[in-house]
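Visitor: Compute the structure for the input listed below.
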Amino acid sequence: MLSLPSSLLLPNSRRSFLQGLGGGFGMLAWNAMQRLALPNEQKSLRRVGDIDPLCPLAQRIPHFAPKAKSVIFLFLVGGPSQIDTFDHKPLLKELADKPVPKPVREAVQSTRFANVFHGCEDKILQSPYSFQQYGQNGTWVSELMPHFSKHVDDVCFIHSMQADSNNHAPASYQLHTGDVRAGKASLGSWVTYGLGSENENLPGYVVLFDAGPLGGAGNYSNGFLPPAFQSTRFRDRGEPVPNLTPHPSFVDGQRQSLDLIAALNHEHQSRLPGFLELDARIASYELAYRMQSAALDVGRLEEEPQHVHSLYGLDHHDKRTQSFARKCLLARRLVERGVRFVQLYDMPDKDGWDAHAKLTENHTPRARWTDQPVAALIADLKQTGMLDSTLVIWASEFGRTPMVQGDRGRQHNAAGFTIWLAGGGIKPGLHIGATDEIGLMATERPVQFRDLHATILTALGISYEELSYSVNGRDERLTGVEGSASPLKDIFS
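Guide: Numbering: from 1, shown residues only. The predicted structure follows:
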């Protein structure tokens with residue numbers, strides 16, 4: 001614990017206070033320089049999750065050799081329909097307007113997913129979109145994703161995802177935190193708690209959104225983990241972080257002000273050992289100061305060449321496509337600079353992909369807003385060589401039913417849906433699992449969210465069983481009770 005001169009702690013006069021304060025600043029500066037002077041292997045703590053309160057985001061050594069060093073998580077809010085994007089079911093056309101086949105209905109009703117029929121008509125709605133095969137493996141992709149279809153050989157599809165809840169917020173919480181209840185730590189917080197960050201001038205965990213996910217901040221909260229591992233929201237326009245640049249009249253004295261605050265905080269800290277909120281506050285002041293330059297630099301998208309702007313769609317005629325394109329490009333620039341975890345939400349309004357009615361009016365524009373930027377992200381990471389070390393995930397809280405709801409819409413479906421992963425040591429071109437003949441429930445190799453979390457942590461070199469945090473005497477894990485998760489080990493190259 002850093003200590004300050006006694007003259008600073010108990011000043012007898014204005015002169016002694018100023019002398020002690022100067023000495024305190026010198027000690028703080030010396031301490032910081034000593035940390036910077038250490039070789040990387042000494043600055044890195046030897047165990048995942050071992051935290052230095054003064055440098056909570058210091059890079060840490062993983063449990064074993066990682067496949068990936070950073071994550072970009074693309075969250076499609078509201079539940080895109082798997083049978084209208086990546087899970088081609090030709091039988092839907094033949095069964096259009098007919099009841100669900102009896103064997104399928106009985107199979108689903110005998111499981112915990114029996115409520116998937118609630119709110120639906122017993123009538124099949126065929127996909128309004130045409131499908132074609134792409135890539136070396138003949139992967140089926142709908143016309144909604146013309147740009148992404150060119151990159152199917154670079155990704156691994158999981159067609160058998162399942163969630164525990166058929167409601168937005170609980171399912172979203174579970175995908176983000178491993179629990180259907182709010183208040184737990186998010187995946188991004190767990191990852192930065194375990195590994196720290198590679199850039200001391202930027203946050204380890206960044207979120208990008210407009211309207212934000214259903215369920216709010218509980219999706220990207222640090223929960224019970226120390227506050228240093230909470231997310232930082234960046235904007236894709238203007239200053240990445242609001243109020244990052246001080247008023248010109250305060251610039252000259254800003255460093256001195258922060259030094260005084262740091263000295264007083266450390267004096268206060270000496271009387272409150274183990275007070276993590278104070279540790280985080282001290283670290284956040286310094287991070288905010290360092291971010292002033294680094295964050296402004298990462299947000300200068302205009303520095304990218306015109307062909308990159310066109311690749312992502314920054315010059316697209318649709319402003320919402322432009323908006324998501326900026327977020328995807330900013331995500332690439334963040335991981336390029338060592339940010340550990342970047343979470344993107346595509347939701348520009350309150351609805352998301354939640355197409356309870358008028359499926360085409362909902363899905364067609366949302367696919368247009370996201371397809372080109374996502375495809376560009378994969379292509380850009382690949383051509384720069386960053387895809388090898390960056391794990392990209394495309395997922396939502398659940399999918400949608402093949403049965404019709406309302407005016408040609410679809411209901412929530414937690415029984416079986418599709419996500420995909422790319423880069424970060426994932427074998428490209430794979431298809432894991434399958435749903436039944438109408439795309440309602442996973443029937444081949446069902447995958448739970450805890451299995452996905454275990455897979456992500458494994459890619460990052462983290463033992464998902466060893467990564468834990470004690471809360472009220474209980475070891476909490478992202479993947480739940482020990483032994484309950486199974487990573488998809490065969491998807492790694």
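Visitor: drop to CA atoms for contacts and neighbour counts, all remaining ones
Guide: Will do.
Visitor: Could you list the low-pLDDT ranges of the stretch 201-350 of the chain?
Guide: 243-255, 258, 274-277, 279-281, 283-295 (pLDDT under 70).
Visitor: Now with 90, please.
Guide: In the predicted model, the stretch 201-350 of the chain carries pLDDT under 90 at residues 201-203, 211-214, 227-228, 235-299, 347-350.
Visitor: Please enumerate the helices of it.
Guide: Ranges of helices within the stretch 201-350 of the chain are 248-270, 276-298, 306-312, 319-336, based on DSSP state H, counting those that start in this stretch.
Visitor: Could you check how far the third one is from the centre of its chain?
Guide: Okay, so that is helix 306-312. Using CA atoms, centre = their mean, to the nearest Å, the mean C-alpha position of helix 306-312 is found 24 Å from that of the whole chain.
Visitor: what helix or strand does Gln174 sit in?
Guide: In the assignment (DSSP states H and E), Gln174 maps to helix 168-177.
Visitor: right, and the helix or strand after that helix?
Guide: Going down the chain from helix 168-177, the next helix or strand is helix 187-195, by DSSP H and E.
Visitor: Quick one: mean pLDDT for that following helix?
Guide: Across helix 187-195, pLDDT averages out at 96.
Visitor: can you list contacts of it?
Guide: Outside of helix 187-195, the residues within contact range by CA atoms under 8 Å, 6 or more residues apart in numbering are 48-51, 57-62, 176-177, 204-205, 220-222, 225, 229-231, 340-343, 453, 457, 462, 467, 478.
Visitor: Could you list which of those belong to strands?
Guide: Applying DSSP state E to the contacts of helix 187-195, the entries found in strands are Tyr205, Phe341, Val342, Gln343.
Visitor: Give me the distance between Gln132 and Pro373.
Guide: Counting by CA to CA, to the nearest Å, the separation of Gln132 from Pro373 is 21 Å.
Visitor: So between the two, which is more surrounded?
Guide: In this comparison of Gln132 against Pro373, neighbours counted by other CA atoms under 10 Å, the higher total goes to Pro373 at 28 against 13.
Visitor: for that one, helix, strand, or coil?
Guide: Here Pro373 is recorded as helix under DSSP: H, G, I helix; E, B strand; the rest coil.
Visitor: for the one 3 residues further on, same thing?
Guide: On the three-state scheme (three-state DSSP), Ala376 is labelled helix.
Visitor: same thing with the one 5 residues further on?
Guide: Following three-state DSSP, Leu381 is assigned to helix.
Visitor: show me what contacts the most centrally placed residue in the chain?
Guide: Ranked by distance to the mean C-alpha position of the chain (CA atoms, centre = their mean), the top residue is Gln343 at 3.2 Å. With CA under 8 Å, 6+ apart as the criterion, the residues that contact Gln343 are Ile72, Phe73, Leu74, Phe75, Gly188, Tyr205, Val206, Val207, Leu208.
Visitor: again, only this time at 6 Å
Guide: Shown here is Gln343, whose contacts under the criterion CA atoms under 6 Å, 6 or more residues apart in numbering are Ile72, Phe73, Val207.
Visitor: Same check on Val48?
Guide: If a contact means CA under 6 Å, 6+ apart, then Val48 has Arg60, Pro62, Gly194 as its contacts.
Visitor: Who wins on neighbours among those residues?
Guide: Within those, neighbour counts (other CA under 10 Å) peak at Gly194, which reaches 28 neighbours.
Visitor: Give me the residues contacting stretch 438-446.
Guide: For stretch 438-446, the surrounding residues in contact (CA under 6 Å, 6+ apart) are Lys89, Ser160, Thr401, Ala415, Gly416, Gly433, Ala434, Thr435, Asp436.
Visitor: now the one helix or strand Pro103 maps to: how far from the chain's centre is it?
Guide: With elements delineated by DSSP H and E, Pro103 resides in helix 102-109, which encompasses its position. On the basis of CA atoms, centre = their mean, the separation between the geometric centre of helix 102-109 and that of its chain is 35 Å.
Visitor: okay, how far is it across stretch 453-471, tip to tip?
Guide: Between the opening and closing residues of stretch 453-471 there is a gap of 20 Å (CA to CA).
Visitor: buried sites along it?
Guide: Buried positions in stretch 453-471, judged by neighbour count with 16 or more other CA atoms under 10 Å: 453-465, 467-469.
Visitor: Ok, stretch 194-214 next?
Guide: Counting neighbours by 16+ other CA under 10 Å, one finds that the buried residues in stretch 194-214 are 194-210, 212-214.
Visitor: cool, stretch 141-150 as well?
Guide: Across stretch 141-150, burial judged by 16+ other CA under 10 Å covers Val141, Ser142, Glu143, Leu144, Met145, Pro146, His147, Phe148, Ser149.
Visitor: Looking at those, which are in strands?
Guide: Val141, Ser142.
Visitor: Just give the closest residue to Leu467, not the sequence neighbours.
Guide: Counting by CA to CA, 6 or more residues apart in numbering, Arg477 is the residue found nearest to Leu467 once chain neighbours are left out, at 6.5 Å.
Visitor: hmm, who's touching stretch 385-396?
Guide: Against stretch 385-396 from outside (CA under 6 Å, 6+ apart): 68-77, 79, 381, 419-424.
Visitor: how about 7 Å then?
Guide: Under the criterion CA atoms under 7 Å, 6 or more residues apart in numbering, residues 67-79, 381, 419-425 lie in contact with stretch 385-396.
Visitor: And the closest residue to Gly425 other than its chain neighbours, what's its pLDDT?
Guide: Nearest residue to Gly425 in three dimensions, chain neighbours excluded: Lys67, at 4.9 Å (CA to CA, 6+ apart). Model confidence at Lys67, given as pLDDT, is 96.
Visitor: and Lys67, what helix or strand is that in?
Guide: Taking DSSP H and E as the definition, Lys67 sits outside all helices and strands.
Visitor: ok, it - how many residues close by?
Guide: Residue crowding around Lys67 was assessed by other CA under 10 Å; the count is 22.
Visitor: gap between it and Ile426?
Guide: Noted for Lys67: a distance of 8 Å to Ile426, by CA to CA.
Visitor: Likewise for Leu76?
Guide: If you measure Leu76 against Ile426 using CA to CA, the figure is 21 Å.
Visitor: Could you do Leu91 as well?
Guide: For Leu91, the distance to Ile426 - CA to CA - is 31 Å.
Visitor: for Thr384, same thing?
Guide: The gap separating Thr384 from Ile426 is 17 Å, by CA to CA.
Visitor: out of these two, which sits in the more crowded spot?
Guide: Legend: neighbour count by other CA under 10 Å for Thr384 and Ile426, higher for Ile426 (26 against 10).
Visitor: Hmm, that one is touching Ser493, no?
Guide: Yes - using CA atoms under 7 Å, Ile426 and Ser493 qualify as a contacting pair, with a distance of 5.8 Å.
Visitor: rewinding a little: farthest-apart pair in the buried residues of stretch 453-471, please.
Guide: When CA to CA is used, the two most widely separated members of the buried residues of stretch 453-471 are Ala459 and Tyr469, lying 20.2 Å apart.
Visitor: Pull the contacting residues for Ser493.
Guide: For Ser493, the residues meeting the contact criterion (CA under 7 Å, 6+ apart) are Gly425, Ile426, Lys427.
Visitor: Relative to Gly338, how far out is it?
Guide: Summarising the geometry, the distance separating Ser493 from Gly338, computed by CA to CA, is 23 Å.
Visitor: Look at Ser470 and give its secondary structure.
Guide: Following three-state DSSP, Ser470 is assigned to strand.
Visitor: Return the residues in contact with it.
Guide: Here Ser470 is in contact with Glu476 (criterion: CA under 7 Å, 6+ apart).
Visitor: Show me what it is bridged to.
Guide: For Ser470, the beta-bridge assignment (DSSP bridges) gives partners Asp475.
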